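> Starting from these lines, generate the structure:
(one chain, ligands or ions: 2)
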Amino acid sequence: MKNVRALVLVDLQNDFLPGGALGVPDGDAVIPIANKLQRLPFDVIVATQDWHPRDHGSFAPNHRGRTPGEIVNLNGLRQVLWPVHCVQNTRGAEFAPALDVSRVDRIIHKGTDPWIDSYSTFFDNGHRKSTGLERYLKSRGVTDVYLMGLATDYCVKFSALDARLLGFNVHVIEDGCRGINLRHGDVDTALEQMRRAGAEITRSTRVLSTFKAAGLKPAVRRAVRRARRKVVITKPTKIHLRRKKAASKR
Ligand code: VGL
Ligand code: ZN
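Ligands and ions are numbered 1, 2, ... in the order given. Predicted coordinates for the structure are as follows:
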């Protein structure tokens with residue numbers, strides 16, 4: 001069976017870039033990689049946005065006397081407190097200006113419920129509600145999920161683990177990710193956890209050469225894919241068959 005590949009660009013938003021409210025060190029270095037990978041003939045391209053209401057329970061200022069980095073109990077779940085970040089419809093929540101979004105098929109929002117955080121792009125942290133990404137990917141017949149973005153030790157990690165749980169083949173593009181490393185070593189631990197869950201940890205150059213080895217040039221494959229979408233295949237009806245017969249007699 002043919003593999004159907006989705007590229008999932010995780011939280012490439014202003015607030016996660018250096019200088020942002022929750023800036024990930026060197027986070028801007030992954031934007032050119034995202035742009036380059038998007039030129040490959042992925043069957044589906046998804047971009048996610050951390051998308052919090054202003055009263056979100058993961059924001060330290062919403063807890064009297066608490067500061068970022070502290071842990072609280074939020075509605076029964078252990079919650080790391082963060083600075084206010086990625087508030088819906090603010091500049092911080094927007095995609096990085098240098099990110100090419102022209103090829104994105106679908107945008108997924110997460111973290112919209114004030115009472116529960118959502119690191120994974122599939123489910124909230126309590127696995128209570130889904131974001132709709134699973135249904136979307138399955139409706140497109142996706143078998144393989146290629147993940148890259150911010151941050152390795154939170155959103156990328158939990159997305160990769162959930163994608164494995166949901167039965168996808170998972171490929172994490174290591175050089176396309178950067179982490180927060182709240183504690184020293186968090187990124188390495190995250191990579192190890194993803195690997196143990198059966199995710200392939202790969203690199204963008206490897207992904208590029210895999211697609212090239214698959215044969216056709218990206219532009220050609222894209223054109224084929226576009227053309228195929230337009231062809232409506234209908235079963236021949238009796239009238240079709242009769243006409244065909246008549247035509248062959250002429
Ligand atoms: C994230 C911390 C808080 C992430 C989101 O996308 O990795 N990390 N909110
Ligand atoms: Zn967040």
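> contacts, neighbours, all on C-alpha from now
Noted.
> Close to ligand 1: what parts of the chain are there?
Within the chain, the positions adjacent to ligand 1 are 11, 50, 119, 150-151, 154-155 by C-alpha under 6 Å from any ligand atom.
> measure Leu161 to Arg196 for me?
As judged by C-alpha to C-alpha, to the nearest Å, Leu161 and Arg196 stand 10 Å apart.
> what do you get for Leu17?
Here Leu17 is placed at a distance of 28 Å from Arg196 (C-alpha to C-alpha).
> Please apply the same query to Ala227.
Distance from Ala227 to Arg196, by C-alpha to C-alpha: 40 Å.
> Thr121 now?
Separation of Thr121 from Arg196 (C-alpha to C-alpha): 20 Å.
> Could you check which of these two is surrounded by more residues?
Neighbour count, other C-alpha atoms under 10 Å: between Thr121 and Arg196, Thr121 has more, with 30 against 11.
> Ignoring the adjacent residues along the chain, who's closest to that one?
In this structure, Thr121 finds its nearest non-sequential neighbour in Ser159, 5.4 Å apart by C-alpha to C-alpha, 6 or more residues apart in numbering.
> was I right about the one you found contacting Ser118?
No: checked against C-alpha atoms under 8 Å, the pair Ser159 and Ser118 is beyond contact range at 9.7 Å.
> can you map out the strands along the protein?
Along the chain, counting by DSSP state E, strands occupy 5-10, 44-50, 71-74, 77-80, 106-110, 144-150, 169-178, 200-202.
> Save the ones you listed as JSON lines, and put in mean pLDDT, mean neighbour count and distance to Ile33 too.
Converted to JSON lines, the strands of the chain look like this (pLDDT from 0 to 100; neighbours: other C-alpha atoms under 10 Å; distance: least, C-alpha to C-alpha, whole Å):
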{"stretch": "strand 5-10", "mean pLDDT": "98", "mean neighbour count": "24", "distance to Ile33": "10"}
{"stretch": "strand 44-50", "mean pLDDT": "98", "mean neighbour count": "22", "distance to Ile33": "14"}
{"stretch": "strand 71-74", "mean pLDDT": "97", "mean neighbour count": "15", "distance to Ile33": "33"}
{"stretch": "strand 77-80", "mean pLDDT": "96", "mean neighbour count": "16", "distance to Ile33": "29"}
{"stretch": "strand 106-110", "mean pLDDT": "98", "mean neighbour count": "18", "distance to Ile33": "19"}
{"stretch": "strand 144-150", "mean pLDDT": "98", "mean neighbour count": "26", "distance to Ile33": "9"}
{"stretch": "strand 169-178", "mean pLDDT": "98", "mean neighbour count": "23", "distance to Ile33": "6"}
{"stretch": "strand 200-202", "mean pLDDT": "98", "mean neighbour count": "17", "distance to Ile33": "13"}
